[in-house]
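Engineer: Below is the sequence, then the predicted model.
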Amino acid sequence: MLHMKHIDNTPSTPGKFKMEKPPYNRLRLHSSLAKLTFWSFVFLGLIFVFFFRSPSSSSPVSSDLSRRSLRSSYGGPNFEKRVRASAKIRSRNGISVLVTGAAGFVGSHVSAALKRRGDGVLGLDNFNNYYDPSLKRARQALLERNGVYIVEGDINDSALLKKLFDIVPFTHVMHLAAQAGVRYAMENPSSYVHSNIAGLVNLLEACKNANPQPAIVWASSSSVYGLNTKVPFSERDRTDQPASLYAATKKAGEEIAHTYNHIYGLSLTGLRFFTVYGPWGRPDMAYFFFARDILKGKSIPIFEAANHGTVARDFTYIDDIVKGCLAALDTAEKSTGSGGKKKGPAQLRVYNLGNTSPVPVSDLVSILEKLLKVKAKRLVMKLPRNGDVQFTHANISSAQRELGYKPTTDLKTGLKKFVEWYLGYYAEGKKSAQ
Ligand SMILES: O=C(O)[C@H]1O[C@H](OP(=O)(O)OP(=O)(O)OC[C@H]2O[C@@H](n3ccc(=O)[nH]c3=O)[C@H](O)[C@@H]2O)[C@H](O)[C@@H](O)[C@H]1O
């Protein structure tokens with residue numbers, strides 16, 4: 001009760017009051033001791049933390065952790081050396097291209113073709129498991145043997161994109177990373193928003209901030225024509241009635257491209273691919289899993305429209321698509337902006353890359369039966385209302401005129417090449433298609 005004593009001892013004339021020393025000193029002594037103890041603990045704690053976290057610590061756990069964090073930071077001279085070597089231009093008038101989705105079907109073919117003609121190519125891919133990742137790894141191994149390095153990372157990782165643009169002044173970006181597939185969009189809608197919208201915006205942000213700004217060619221889709229009935233589909237037709245979320249995200253991508261072109265002077269070319277097929281293709285696509293299931297003796301669902309209406313696709317062979325992609329890169333004008341600011345109007349293009357000859361899905365199955373020498377167990381079903389459209393048919397006159405695009409492979413010839421690859425790749429017992 002010190003404070004009460006203190007009050008009791010206070011004289012009525014405060015101006016003359018002098019505090020008695022002993023009790024006050026005792027108080028100060030107590031609080032100093034407490035402070036000293038407290039700060040000693042803090043000090044000891046800091047020393048402990050410092051030594052425990054030091055990389056030179058002999059603790060195996062901490063050194064392993066620090067090694068791991070270094071590995072995942074995309075840093076270090078080795079990483080930069082690999083990136084530079086892969087992106088190095090080896091031909092006169094060559095270009096240096098960042099290919100996103102490089103371990104994908106179209107991405108791996110385009111990367112290989114660019115490398116073959118001496119362009120610098122750096123791949124980027126997140127190796128997600130939308131379909132069997134071992135197929136993506138096999139494509140990666142093939143590309144690595146040909147000098148193309150694929151960085152394992154996501155287009156949503158801004159720090160990684162910035163790092164890549166800091167290391168290499170890419171002249172072009174071939175943006176093929178996406179969440180593909182029209183039916184899977186009902187199962188996992190957010191993956192489409194994540195890759196095809198957020199990822200695209202993130203990539204365009206990196207491109208707009210890069211110095212120099214690259215020209216960008218990217219994959220849109222025939223699905224943007226949605227429920228249109230006028231054929232063949234022309235780039236001038238309406239694209240405001242998508243039948244799947246996949247199509248809606250690709251359509252959104254085209255509008256986002258317009259915005260970045262308008263505000264920042266980015267040169268942007270969208271390619272509307274029409275059902276691309278061929279060797280090293282995507283196992284989620286019909287021609288691929290039809291082949292697998294025919295060989296396994298499983299029945300295959302063949303869609304038909306109302307009143308036995310034919311469902312058809314303008315199937316386009318991968319080599320024709322690759323030629324279209326390279327022509328789009330070669331005719332792309334430079335972006336005009338710098339430092340995130342537009343300096344003048346820049347190129348904005350959209351092209352159909354199709355085959356201009358739609359084939360009914362039932363004919364596709366007949367071709368596969370002949371090539372595989374196995375009769376299919378056909379299960380004819382009503383076209384489900386989960387993203388499919390009844391037919392696609394490209395008008396390619398713009399691409400023909402401006403890119404020199406001219407598809408040369410019909411479905412029979414292309415599927416023959418696919419089946420040869422498929423049988424070789426999944427040779428008996430070695431691997432099995434999933
Ligand atoms: O051009 C595009 O932009 C898109 O092309 C591709 O979509 P689609 O043309 O729908 O290809 P795909 O699924 O192989 O079905 C082929 C045909 O088989 C029919 N089909 C399909 C499945 C089935 O079980 N039965 C069936 O008859 C089906 O009705 C269709 O008629 C890409 O997957 C897509 O990512 C996108 O790039």
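Structural biologist: In hand now; what should we look at?
Engineer: how close does residue 242 sit to the ligand?
Structural biologist: 11 Å (Cβ to the nearest ligand atom, to the nearest Å). To be clear about C-beta, it is placed using only N, CA and C from the backbone, and glycine gets the same treatment.
Engineer: give me every residue that touches the residue of the stretch 1-150 of the chain found nearest the ligand.
Structural biologist: Nearest residue of the stretch 1-150 of the chain to the ligand, counting by Cβ to the nearest ligand atom: residue 106, 9.1 Å away. Listed by Cβ atoms under 8 Å, 6 or more residues apart in numbering, the contact set of residue 106 reads 176, 219, 273, 276, 318, 321, 322, 325.
Engineer: who in the protein is up against the ligand?
Structural biologist: Proximity of the chain to the ligand, by Cβ under 6 Å from any ligand atom, involves residues 180-182, 221-223, 273-275, 285-286, 301-303, 311, 313, 361, 388.
Engineer: follow-up on the earlier one: please convert the contacts of residue 106 to TSV, extending it with neighbour count and pLDDT.
Structural biologist: Listed next are those as TSV, based on neighbours: other Cβ atoms under 10 Å; pLDDT from 0 to 100:
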residue	neighbour count	pLDDT
176	27	99
219	27	98
273	23	98
276	26	98
318	22	99
321	27	99
322	20	99
325	27	99
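Engineer: about what we covered before: please indicate which of the residues of the chain next to the ligand are buried?
Structural biologist: Taking 16 or more other Cβ atoms under 10 Å as the criterion, what is buried in these is 180-182, 221-223, 273-275, 285-286, 302-303, 311, 313, 361.
Engineer: Burial check on residue 240, number of neighbours?
Structural biologist: Close neighbours of residue 240, defined as other Cβ atoms under 10 Å, add up to 11.
Engineer: which SSE is the residue of the stretch 1-150 of the chain closest to the ligand in?
Structural biologist: Element membership for residue 106 (DSSP states H and E) is helix 105-116.
Engineer: and after that helix, which helix or strand comes next?
Structural biologist: Criterion used, DSSP H and E; the element after helix 105-116 is strand 120-125.
Engineer: Can you tell me what sits against the very next helix or strand once past that following strand?
Structural biologist: As assigned by DSSP H and E, the chain's next helix or strand after strand 120-125 is helix 133-145. Defining contact as Cβ under 8 Å, 6+ apart, one finds that helix 133-145 is touched by 102-104, 108, 111-112, 115, 123, 125, 127, 150, 280, 283, 425, 431.
Engineer: mind listing what's buried in helix 133-145?
Structural biologist: For helix 133-145, a neighbour-count test (16+ other Cβ under 10 Å) marks 135, 136, 138, 139, 140, 143 as buried.
Engineer: Then stretch 384-395?
Structural biologist: For stretch 384-395, the neighbour count (16+ other Cβ under 10 Å) marks 387, 389, 390, 391, 392, 393, 394, 395 as buried.
Engineer: for the record, mean pLDDT for it?
Structural biologist: When pLDDT is averaged along stretch 384-395, the result is 92.
Engineer: same question, stretch 326-333
Structural biologist: 98.
Engineer: Check the offset of that stretch from the chain's centre.
Structural biologist: Distance of stretch 326-333 from the chain centroid (Cα atoms, centre = their mean, to the nearest Å) equals 21 Å.
Engineer: ok, now stretch 281-297?
Structural biologist: Centre-to-centre, stretch 281-297 and its host chain are 24 Å apart (Cα atoms, centre = their mean).
Engineer: and stretch 319-331, which residues are buried?
Structural biologist: 319, 320, 321, 322, 323, 324, 325, 326, 327, 328, 329.
Engineer: Let's see which of these end up in helices.
Structural biologist: Using DSSP state H, the subset of the buried residues of stretch 319-331 located in helices is 319, 320, 321, 322, 323, 324, 325, 326, 327, 328, 329.
Engineer: so the fourth one makes contact with residue 109?
Structural biologist: Yes - between residue 322 and residue 109 there is a contact at 5.1 Å, judged by Cβ atoms under 8 Å.
Engineer: and the most centrally placed residue in the chain, which of the three is it?
Structural biologist: Residue closest to the mean C-alpha point of the chain, counted by Cα atoms, centre = their mean, is residue 177 at 3.1 Å. Three-state call for residue 177 (DSSP: H, G, I helix; E, B strand; the rest coil): coil.
Engineer: ditto for residue 272
Structural biologist: Using three-state DSSP, the structure places residue 272 in strand.
Engineer: closest point of the stretch 301-434 of the chain to the ligand, which residue?
Structural biologist: Residue nearest to the ligand within the stretch 301-434 of the chain: residue 303 (3.6 Å; Cβ to the nearest ligand atom).
Engineer: quick one on the thing from earlier: give me the buried subset of the contacts of helix 133-145.
Structural biologist: Neighbour counting over these (16+ other Cβ under 10 Å) leaves 102, 103, 104, 108, 111, 112, 115, 123, 125, 150, 280 as the buried ones.
Engineer: would you list the residues you listed in CSV and tack on pLDDT and distance to residue 194?
Structural biologist: Formatted as CSV, the buried ones among the contacts of helix 133-145 follow (pLDDT from 0 to 100; distance: Cβ to Cβ, whole Å):
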residue, pLDDT, distance to residue 194
102, 98, 19
103, 98, 18
104, 98, 16
108, 98, 22
111, 98, 23
112, 98, 27
115, 98, 29
123, 98, 20
125, 98, 15
150, 98, 20
280, 98, 25
